[in-house]
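Colleague: with the sequence up front, the predicted model follows.
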Amino acid sequence: MRFSPAIHGLRNSRKAIQPDAPPKRCRGGVYEATNQIFDFHPDWLSHTLANASADLPPETKTALPDGTQVSRKANGGVLWLTPPADRANPNQEALIISAGVHGNETAPIEVLNTLVSELFSGGDWSLACPLLLILGNPPAMVEGERFLDVNMNRLFNGAHGKSEYSRLAEGRRARFLEEMCRQFAMAHQGLALSHYDLHTAIRPSKRERFALYPFVEGRSVPAGQCAFLLEAEVETLLLQHKESTVFSSFTASTLKAESFTIELGKVEPFGRNDLRRFQGIERALRRRFRGGEAAPAVRPPFDHLTVFEVVHEVLNTGPSFRFHVPDDVANFTEYQPGTVIWRMIRTTTGSEPRRRRWCFQTGRCLWASGWV
Ligand SMILES: [Zn+2]
(Lines give C-alpha, C1' and ligand atoms only; values in the text may rest on other atoms or scores of the structure.)
Protein backbone atom coordinates (compact mmCIF):
# COMPACT_ATOMS: atom_id res chain seq x y z
CA MET A 1 0.00 0.00 0.00
CA ARG A 2 1.39 3.38 -0.88
CA PHE A 3 1.06 6.05 1.76
CA SER A 4 -0.40 9.26 0.57
CA PRO A 5 0.98 12.28 2.43
CA ALA A 6 -2.16 14.29 1.88
CA ILE A 7 -5.41 13.20 3.43
CA HIS A 8 -8.44 15.26 2.74
CA GLY A 9 -11.47 15.99 4.85
CA LEU A 10 -14.62 16.21 2.84
CA ARG A 11 -17.93 17.85 3.39
CA ASN A 12 -21.12 16.91 1.65
CA SER A 13 -21.89 20.44 0.62
CA ARG A 14 -24.93 20.07 -1.59
CA LYS A 15 -27.53 18.17 -2.67
CA ALA A 16 -10.72 -9.24 -22.85
CA ILE A 17 -7.58 -8.43 -23.97
CA GLN A 18 -4.66 -10.75 -24.81
CA PRO A 19 -1.56 -8.53 -24.59
CA ASP A 20 0.69 -11.20 -26.02
CA ALA A 21 -1.61 -12.27 -28.83
CA PRO A 22 0.39 -12.64 -32.06
CA PRO A 23 -0.27 -10.09 -34.78
CA LYS A 24 -3.07 -11.16 -37.07
CA ARG A 25 -3.44 -10.05 -40.66
CA CYS A 26 -6.75 -8.42 -41.44
CA ARG A 27 -8.25 -8.67 -44.87
CA GLY A 28 -10.78 -6.52 -46.70
CA GLY A 29 -11.23 -2.77 -47.18
CA VAL A 30 -12.49 -1.93 -43.70
CA TYR A 31 -9.34 -3.42 -42.19
CA GLU A 32 -6.93 -1.45 -44.31
CA ALA A 33 -6.77 1.45 -41.87
CA THR A 34 -6.33 -0.90 -38.93
CA ASN A 35 -3.42 -2.61 -40.63
CA GLN A 36 -1.77 0.68 -41.55
CA ILE A 37 -2.08 2.28 -38.13
CA PHE A 38 -1.65 -0.79 -35.96
CA ASP A 39 0.89 -2.59 -38.12
CA PHE A 40 -1.20 -5.78 -38.47
CA HIS A 41 -1.92 -6.03 -34.76
CA PRO A 42 -5.61 -6.71 -34.23
CA ASP A 43 -6.34 -3.52 -32.31
CA TRP A 44 -4.99 -0.35 -30.74
CA LEU A 45 -4.22 -1.89 -27.36
CA SER A 46 -2.27 -4.86 -28.66
CA HIS A 47 -0.24 -2.56 -30.91
CA THR A 48 0.45 -0.21 -28.00
CA LEU A 49 1.57 -3.02 -25.69
CA ALA A 50 3.75 -4.58 -28.36
CA ASN A 51 5.49 -1.25 -29.05
CA ALA A 52 5.63 0.22 -25.56
CA SER A 53 9.42 0.42 -25.70
CA ALA A 54 9.90 0.54 -29.45
CA ASP A 55 11.35 3.38 -31.48
CA LEU A 56 8.66 4.09 -34.06
CA PRO A 57 8.34 7.09 -36.40
CA PRO A 58 6.83 10.16 -34.70
CA GLU A 59 3.63 9.96 -36.73
CA THR A 60 1.72 7.48 -38.89
CA LYS A 61 -1.41 8.57 -40.74
CA THR A 62 -4.31 6.88 -42.42
CA ALA A 63 -7.97 7.53 -43.23
CA LEU A 64 -10.98 5.45 -42.32
CA PRO A 65 -13.36 4.47 -45.15
CA ASP A 66 -15.77 7.21 -44.02
CA GLY A 67 -13.10 9.90 -44.41
CA THR A 68 -12.10 10.28 -40.75
CA GLN A 69 -8.41 11.13 -40.56
CA VAL A 70 -6.35 9.16 -38.03
CA SER A 71 -2.88 9.98 -36.81
CA ARG A 72 -0.99 7.65 -34.52
CA LYS A 73 1.67 9.48 -32.55
CA ALA A 74 5.07 8.17 -31.55
CA ASN A 75 5.03 4.63 -30.19
CA GLY A 76 1.28 4.37 -30.21
CA GLY A 77 -0.85 5.05 -27.23
CA VAL A 78 -1.91 8.38 -28.72
CA LEU A 79 -4.48 8.62 -31.52
CA TRP A 80 -5.56 11.94 -32.99
CA LEU A 81 -8.79 11.58 -34.98
CA THR A 82 -10.40 14.25 -37.15
CA PRO A 83 -13.78 13.79 -38.85
CA PRO A 84 -14.23 15.05 -42.43
CA ALA A 85 -14.66 18.82 -42.58
CA ASP A 86 -18.18 18.58 -44.00
CA ARG A 87 -19.51 16.35 -41.21
CA ALA A 88 -21.75 17.98 -38.60
CA ASN A 89 -20.36 18.38 -35.09
CA PRO A 90 -23.66 18.95 -33.25
CA ASN A 91 -22.08 19.64 -29.87
CA GLN A 92 -19.41 21.91 -31.35
CA GLU A 93 -16.85 20.16 -29.19
CA ALA A 94 -13.48 18.44 -29.16
CA LEU A 95 -12.66 15.67 -26.69
CA ILE A 96 -9.52 14.41 -24.97
CA ILE A 97 -10.00 10.99 -23.38
CA SER A 98 -7.16 9.38 -21.47
CA ALA A 99 -6.75 6.08 -19.64
CA GLY A 100 -3.76 4.11 -18.38
CA VAL A 101 -1.97 7.07 -16.80
CA HIS A 102 -1.70 4.40 -14.11
CA GLY A 103 -0.66 1.30 -16.02
CA ASN A 104 -2.52 -1.28 -13.95
CA GLU A 105 -5.91 0.44 -14.16
CA THR A 106 -7.00 -1.62 -17.10
CA ALA A 107 -10.79 -1.44 -17.41
CA PRO A 108 -10.96 2.08 -18.88
CA ILE A 109 -8.17 1.10 -21.29
CA GLU A 110 -10.28 -1.83 -22.48
CA VAL A 111 -13.32 0.46 -22.84
CA LEU A 112 -11.39 2.90 -25.05
CA ASN A 113 -9.93 0.04 -27.07
CA THR A 114 -13.45 -1.31 -27.70
CA LEU A 115 -14.65 2.08 -28.93
CA VAL A 116 -11.63 2.47 -31.24
CA SER A 117 -12.26 -1.02 -32.67
CA GLU A 118 -15.91 -0.11 -33.29
CA LEU A 119 -14.88 3.05 -35.07
CA PHE A 120 -12.29 1.29 -37.21
CA SER A 121 -14.72 -1.50 -38.10
CA GLY A 122 -16.90 1.01 -39.94
CA GLY A 123 -19.95 -0.23 -38.08
CA ASP A 124 -22.96 1.60 -36.68
CA TRP A 125 -21.56 5.01 -35.99
CA SER A 126 -19.15 7.63 -37.29
CA LEU A 127 -17.07 10.12 -35.38
CA ALA A 128 -18.62 13.58 -35.17
CA CYS A 129 -16.01 15.50 -33.19
CA PRO A 130 -12.22 15.81 -33.11
CA LEU A 131 -10.87 13.31 -30.63
CA LEU A 132 -7.52 12.84 -28.89
CA LEU A 133 -7.27 9.38 -27.31
CA ILE A 134 -4.43 8.67 -24.91
CA LEU A 135 -3.10 5.54 -23.25
CA GLY A 136 -0.96 7.22 -20.66
CA ASN A 137 1.82 4.90 -19.56
CA PRO A 138 2.30 1.93 -21.96
CA PRO A 139 5.51 0.56 -20.30
CA ALA A 140 3.68 0.36 -16.96
CA MET A 141 0.68 -1.24 -18.73
CA VAL A 142 3.00 -3.97 -20.06
CA GLU A 143 4.33 -4.59 -16.55
CA GLY A 144 0.88 -4.48 -14.97
CA GLU A 145 2.14 -1.79 -12.61
CA ARG A 146 0.68 1.52 -11.48
CA PHE A 147 3.93 3.15 -12.58
CA LEU A 148 7.58 2.19 -13.08
CA ASP A 149 9.69 4.97 -11.49
CA VAL A 150 7.28 7.65 -10.37
CA ASN A 151 3.52 8.24 -10.21
CA MET A 152 2.92 9.91 -13.57
CA ASN A 153 -0.25 11.57 -12.32
CA ARG A 154 1.91 13.86 -10.19
CA LEU A 155 4.01 15.09 -13.11
CA PHE A 156 1.65 17.38 -15.00
CA ASN A 157 1.29 21.15 -14.92
CA GLY A 158 5.02 21.29 -15.59
CA ALA A 159 6.14 19.10 -12.64
CA HIS A 160 7.85 16.80 -15.16
CA GLY A 161 10.46 19.52 -15.61
CA LYS A 162 11.83 19.14 -12.06
CA SER A 163 15.36 17.76 -12.09
CA GLU A 164 14.36 14.57 -10.28
CA TYR A 165 11.74 13.73 -12.92
CA SER A 166 12.85 15.22 -16.22
CA ARG A 167 15.13 12.33 -17.19
CA LEU A 168 12.74 9.58 -16.17
CA ALA A 169 10.63 7.92 -18.86
CA GLU A 170 7.48 8.97 -17.03
CA GLY A 171 8.66 12.58 -16.88
CA ARG A 172 9.31 12.58 -20.63
CA ARG A 173 5.95 10.95 -21.30
CA ALA A 174 4.06 13.53 -19.20
CA ARG A 175 5.81 16.32 -21.12
CA PHE A 176 4.91 14.64 -24.43
CA LEU A 177 1.27 14.23 -23.42
CA GLU A 178 1.03 17.86 -22.36
CA GLU A 179 2.42 18.87 -25.76
CA MET A 180 -0.06 16.64 -27.59
CA CYS A 181 -2.94 18.18 -25.64
CA ARG A 182 -1.65 21.70 -26.31
CA GLN A 183 -1.44 21.04 -30.05
CA PHE A 184 -4.90 19.46 -30.08
CA ALA A 185 -6.44 22.40 -28.22
CA MET A 186 -4.74 24.88 -30.56
CA ALA A 187 -5.93 23.01 -33.64
CA HIS A 188 -9.51 23.11 -32.44
CA GLN A 189 -9.86 26.57 -30.95
CA GLY A 190 -13.48 27.62 -31.03
CA LEU A 191 -14.78 24.21 -30.05
CA ALA A 192 -15.72 23.36 -26.47
CA LEU A 193 -12.89 21.24 -25.08
CA SER A 194 -13.52 18.49 -22.52
CA HIS A 195 -11.01 16.08 -21.00
CA TYR A 196 -11.95 12.90 -19.16
CA ASP A 197 -9.02 11.11 -17.50
CA LEU A 198 -10.26 7.60 -16.66
CA HIS A 199 -8.96 5.59 -13.72
CA THR A 200 -9.85 2.76 -11.40
CA ALA A 201 -9.11 2.99 -7.69
CA ILE A 202 -6.34 1.19 -5.82
CA ARG A 203 -8.27 1.18 -2.58
CA PRO A 204 -11.86 0.20 -1.87
CA SER A 205 -14.45 2.94 -1.96
CA LYS A 206 -17.87 3.32 -0.35
CA ARG A 207 -18.82 5.03 -3.58
CA GLU A 208 -17.83 2.87 -6.52
CA ARG A 209 -17.59 5.59 -9.12
CA PHE A 210 -16.67 9.18 -8.51
CA ALA A 211 -15.27 12.11 -10.41
CA LEU A 212 -12.88 14.84 -9.35
CA TYR A 213 -13.26 18.35 -10.70
CA PRO A 214 -9.95 20.24 -10.76
CA PHE A 215 -9.79 23.57 -9.02
CA VAL A 216 -9.91 26.62 -11.26
CA GLU A 217 -10.67 29.99 -9.68
CA GLY A 218 -14.32 30.96 -10.06
CA ARG A 219 -15.37 27.81 -11.83
CA SER A 220 -18.67 25.98 -11.42
CA VAL A 221 -19.60 22.64 -12.95
CA PRO A 222 -21.74 23.02 -16.10
CA ALA A 223 -25.09 21.23 -16.05
CA GLY A 224 -24.21 19.35 -19.24
CA GLN A 225 -21.12 17.88 -17.57
CA CYS A 226 -23.20 16.75 -14.57
CA ALA A 227 -25.63 15.07 -16.98
CA PHE A 228 -22.73 13.32 -18.70
CA LEU A 229 -21.39 12.01 -15.39
CA LEU A 230 -24.79 10.60 -14.44
CA GLU A 231 -25.12 9.07 -17.91
CA ALA A 232 -21.78 7.37 -17.20
CA GLU A 233 -23.29 6.12 -13.91
CA VAL A 234 -20.95 8.33 -11.89
CA GLU A 235 -23.03 9.69 -9.02
CA THR A 236 -20.42 11.37 -6.85
CA LEU A 237 -18.44 14.50 -7.62
CA LEU A 238 -15.56 15.86 -5.58
CA LEU A 239 -14.57 19.49 -6.05
CA GLN A 240 -10.83 19.97 -5.67
CA HIS A 241 -9.76 22.94 -3.54
CA LYS A 242 -6.49 23.85 -5.22
CA GLU A 243 -4.55 23.40 -8.42
CA SER A 244 -2.52 20.21 -8.56
CA THR A 245 -0.14 18.25 -10.78
CA VAL A 246 -2.65 15.65 -12.00
CA PHE A 247 -3.39 15.38 -15.73
CA SER A 248 -6.90 16.82 -15.52
CA SER A 249 -5.66 19.83 -13.57
CA PHE A 250 -3.23 20.61 -16.40
CA THR A 251 -5.90 20.53 -19.11
CA ALA A 252 -8.33 22.50 -16.93
CA SER A 253 -5.97 25.28 -15.88
CA THR A 254 -3.70 25.55 -18.94
CA LEU A 255 -6.04 24.62 -21.80
CA LYS A 256 -9.28 25.85 -20.20
CA ALA A 257 -10.88 22.47 -20.79
CA GLU A 258 -13.79 21.16 -18.77
CA SER A 259 -11.77 18.36 -17.19
CA PHE A 260 -12.51 15.52 -14.82
CA THR A 261 -10.56 12.67 -13.30
CA ILE A 262 -13.07 9.81 -13.22
CA GLU A 263 -12.65 6.80 -10.94
CA LEU A 264 -14.71 3.94 -12.32
CA GLY A 265 -14.21 0.99 -10.00
CA LYS A 266 -11.51 -1.36 -8.87
CA VAL A 267 -8.09 -2.21 -10.28
CA GLU A 268 -7.96 -5.56 -12.08
CA PRO A 269 -5.45 -7.05 -14.56
CA PHE A 270 -6.18 -7.05 -18.30
CA GLY A 271 -8.89 -9.54 -19.20
CA ARG A 272 -10.22 -9.84 -15.63
CA ASN A 273 -12.52 -6.84 -15.61
CA ASP A 274 -16.28 -7.27 -15.43
CA LEU A 275 -16.90 -4.87 -18.29
CA ARG A 276 -20.65 -4.87 -17.57
CA ARG A 277 -19.77 -2.53 -14.70
CA PHE A 278 -18.24 -0.11 -17.19
CA GLN A 279 -21.11 0.03 -19.69
CA GLY A 280 -22.22 3.43 -18.42
CA ILE A 281 -19.00 5.21 -19.36
CA GLU A 282 -18.77 3.24 -22.62
CA ARG A 283 -22.29 4.27 -23.66
CA ALA A 284 -21.80 7.86 -22.61
CA LEU A 285 -18.51 8.21 -24.49
CA ARG A 286 -19.97 6.56 -27.60
CA ARG A 287 -22.80 9.09 -27.61
CA ARG A 288 -20.36 11.98 -27.34
CA PHE A 289 -18.10 10.53 -30.06
CA ARG A 290 -20.99 10.18 -32.48
CA GLY A 291 -22.35 13.64 -31.69
CA GLY A 292 -25.48 12.61 -29.79
CA GLU A 293 -26.88 15.95 -28.78
CA ALA A 294 -28.19 15.39 -25.28
CA ALA A 295 -27.66 12.97 -22.46
CA PRO A 296 -30.68 10.71 -21.98
CA ALA A 297 -33.10 11.49 -19.17
CA VAL A 298 -31.72 10.46 -15.79
CA ARG A 299 -33.09 7.34 -14.15
CA PRO A 300 -32.70 5.97 -10.63
CA PRO A 301 -30.32 5.24 -9.08
CA PHE A 302 -28.26 7.62 -11.23
CA ASP A 303 -30.66 10.55 -11.01
CA HIS A 304 -28.64 12.97 -8.89
CA LEU A 305 -25.04 13.87 -8.18
CA THR A 306 -23.79 14.02 -4.63
CA VAL A 307 -21.20 16.78 -4.51
CA PHE A 308 -18.38 17.01 -1.98
CA GLU A 309 -15.83 19.68 -1.47
CA VAL A 310 -12.51 19.53 0.35
CA VAL A 311 -12.64 21.56 3.56
CA HIS A 312 -9.49 20.42 5.32
CA GLU A 313 -6.22 18.85 4.28
CA VAL A 314 -3.99 16.92 6.65
CA LEU A 315 -0.32 16.78 5.78
CA ASN A 316 2.13 14.24 7.07
CA THR A 317 4.72 16.58 8.48
CA GLY A 318 7.29 14.03 9.55
CA PRO A 319 8.23 11.48 12.20
CA SER A 320 6.01 12.98 14.89
CA PHE A 321 2.90 12.69 12.73
CA ARG A 322 0.50 9.91 13.64
CA PHE A 323 -2.38 9.05 11.34
CA HIS A 324 -5.16 6.98 12.82
CA VAL A 325 -6.98 5.88 9.67
CA PRO A 326 -5.66 2.49 8.49
CA ASP A 327 -4.49 2.20 4.89
CA ASP A 328 -7.21 -0.28 3.98
CA VAL A 329 -10.16 1.89 5.03
CA ALA A 330 -12.43 2.56 2.09
CA ASN A 331 -12.61 5.98 0.49
CA PHE A 332 -15.68 7.97 1.56
CA THR A 333 -15.86 6.20 4.91
CA GLU A 334 -17.84 8.28 7.36
CA TYR A 335 -16.55 8.93 10.89
CA GLN A 336 -18.44 9.97 13.98
CA PRO A 337 -17.79 13.41 15.44
CA GLY A 338 -14.95 13.27 17.92
CA THR A 339 -13.03 10.56 16.15
CA VAL A 340 -9.27 11.09 16.34
CA ILE A 341 -8.05 11.26 12.77
CA TRP A 342 -4.46 12.32 13.34
CA ARG A 343 -2.21 13.74 16.01
CA MET A 344 1.24 15.20 16.44
CA ILE A 345 3.60 14.00 19.16
CA ARG A 346 6.18 16.54 20.27
CA THR A 347 8.89 15.39 22.65
CA THR A 348 11.12 17.89 24.44
CA THR A 349 14.23 17.32 26.54
CA GLY A 350 14.72 18.18 30.22
CA SER A 351 11.92 18.25 32.75
CA GLU A 352 9.22 19.25 30.28
CA PRO A 353 6.56 16.59 29.98
CA ARG A 354 6.00 14.97 26.67
CA ARG A 355 3.35 17.03 24.98
CA ARG A 356 0.78 15.85 22.56
CA ARG A 357 -1.38 17.84 20.28
CA TRP A 358 -4.63 16.14 19.42
CA CYS A 359 -6.94 16.83 16.59
CA PHE A 360 -10.61 16.09 17.00
CA GLN A 361 -13.02 16.15 14.17
CA THR A 362 -16.12 17.89 15.34
CA GLY A 363 -18.50 17.83 12.43
CA ARG A 364 -19.96 15.27 10.11
CA CYS A 365 -17.06 14.39 7.93
CA LEU A 366 -15.91 11.92 5.36
CA TRP A 367 -12.32 11.09 4.72
CA ALA A 368 -10.58 9.88 1.64
CA SER A 369 -7.08 9.61 0.32
CA GLY A 370 -4.99 8.16 -2.46
CA TRP A 371 -7.67 8.64 -5.09
CA VAL A 372 -5.62 9.73 -8.06
ZN1 LIG B 1 -5.32 5.98 -11.26
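Modeller: Cool, got the structure.
Colleague: mind listing what the residue in the stretch 151-300 of the chain that the ion sits nearest to touches?
Modeller: With C-beta to the ion, the shortest gap between the stretch 151-300 of the chain and the ion falls at residue 199, namely 3.3 Å. From N, CA and C alone the C-beta is placed, and that goes for glycine too. The contact partners of residue 199, taken as C-beta atoms under 8 Å, 6 or more residues apart in numbering, are 99, 101, 102, 105, 108, 261, 262, 263, 264, 372.
Colleague: so which of these are in strands?
Modeller: Cross-referencing those against strands under DSSP state E gives 99, 261, 262, 263, 264.
Colleague: and the pLDDT for the nearest residue to the first one once chain neighbours are set aside?
Modeller: It stands for residue 99. Nearest non-adjacent residue to residue 99, counting by C-beta to C-beta, 6 or more residues apart in numbering: residue 108, 3.8 Å away. In this prediction, residue 108 carries a pLDDT score of 97.
Colleague: assign the closest residue to residue 258 other than its chain neighbours to helix, strand or coil.
Modeller: Once flanking residues are discounted, residue 258 sits nearest to residue 194: 4.7 Å by C-beta to C-beta, 6+ apart. Here residue 194 takes the strand state, with states given by DSSP: H, G, I helix; E, B strand; the rest coil.
Colleague: thinking residue 194 is in contact with residue 257, fair?
Modeller: Yes - applying C-beta atoms under 8 Å as the test, residue 194 and residue 257 come out as touching, 6.0 Å apart.
Colleague: so what sits against both of these two?
Modeller: residue 96.
Colleague: which strand or helix spans residue 119?
Modeller: Assessed by DSSP states H and E, residue 119 sits inside helix 106-120.
Colleague: same question, residue 62
Modeller: strand 59-63.
Colleague: that strand pairs with which strands, parallel or anti?
Modeller: strand 69-73 (antiparallel) (DSSP bridges).
Colleague: who does whichever helix or strand comes after the partner strand pair up with?
Modeller: For strand 69-73, the following helix or strand on the C-terminal side (DSSP H and E) is strand 78-82. Here strand 78-82 is paired, per DSSP bridges, with strand 69-73 (antiparallel), strand 131-135 (antiparallel).
Colleague: and the contacts of the first one?
Modeller: Meaning strand 69-73. Contacts of strand 69-73 (C-beta under 8 Å, 6+ apart): 33, 37-38, 58-64, 78-84, 180.
Colleague: secondary structure element for residue 54?
Modeller: Residue 54 belongs to no helix or strand, assigned by DSSP H and E.
Colleague: which one is it nearest to, not counting chain neighbours?
Modeller: residue 75 (5.4 Å).
Colleague: and residue 218, how many neighbours?
Modeller: 4 (other C-beta atoms under 10 Å).
Colleague: for stretch 59-75, the distance to its chain's centre please.
Modeller: In terms of C-alpha atoms, centre = their mean, to the nearest Å, the centre of stretch 59-75 is set 23 Å apart from its chain centre.
Colleague: cool, stretch 123-135 as well?
Modeller: 17 Å.
Colleague: repeat for stretch 271-286
Modeller: 14 Å.
Colleague: what about the helices in the chain?
Modeller: 32-38, 44-50, 106-120, 138-143, 169-187, 223-231, 247-255, 279-290 (DSSP state H).
Colleague: which helices and strands sit right next to the third one?
Modeller: This means helix 106-120. Packing contacts for helix 106-120, counted by 3 or more C-beta pairs under 8 Å, 6 or more residues apart in numbering; DSSP states H and E, involve helix 44-50, strand 93-99, strand 131-135, strand 192-201, strand 258-266, helix 279-290.
Colleague: now do the fifth one
Modeller: The contact analysis (3+ C-beta pairs under 8 Å, 6+ apart) places helix 169-187 against strand 78-82, strand 93-99, strand 131-135, helix 247-255.
Colleague: now tabulate the ones you listed in CSV and tack on mean neighbour count, distance to residue 317 and mean pLDDT.
Modeller: As requested, the helices and strands packed on helix 169-187 are arranged in CSV below (neighbours: other C-beta atoms under 10 Å; distance: least, C-beta to C-beta, whole Å; pLDDT from 0 to 100):
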stretch, mean neighbour count, distance to residue 317, mean pLDDT
strand 78-82, 21, 39, 98
strand 93-99, 24, 33, 98
strand 131-135, 25, 35, 98
helix 247-255, 24, 24, 98
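Colleague: now render those as TSV, adding distance to the ion.
Modeller: Formatted as TSV, those follow (distance: least, C-beta to the ion, whole Å):
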stretch	distance to the ion
strand 78-82	18
strand 93-99	9
strand 131-135	13
helix 247-255	10
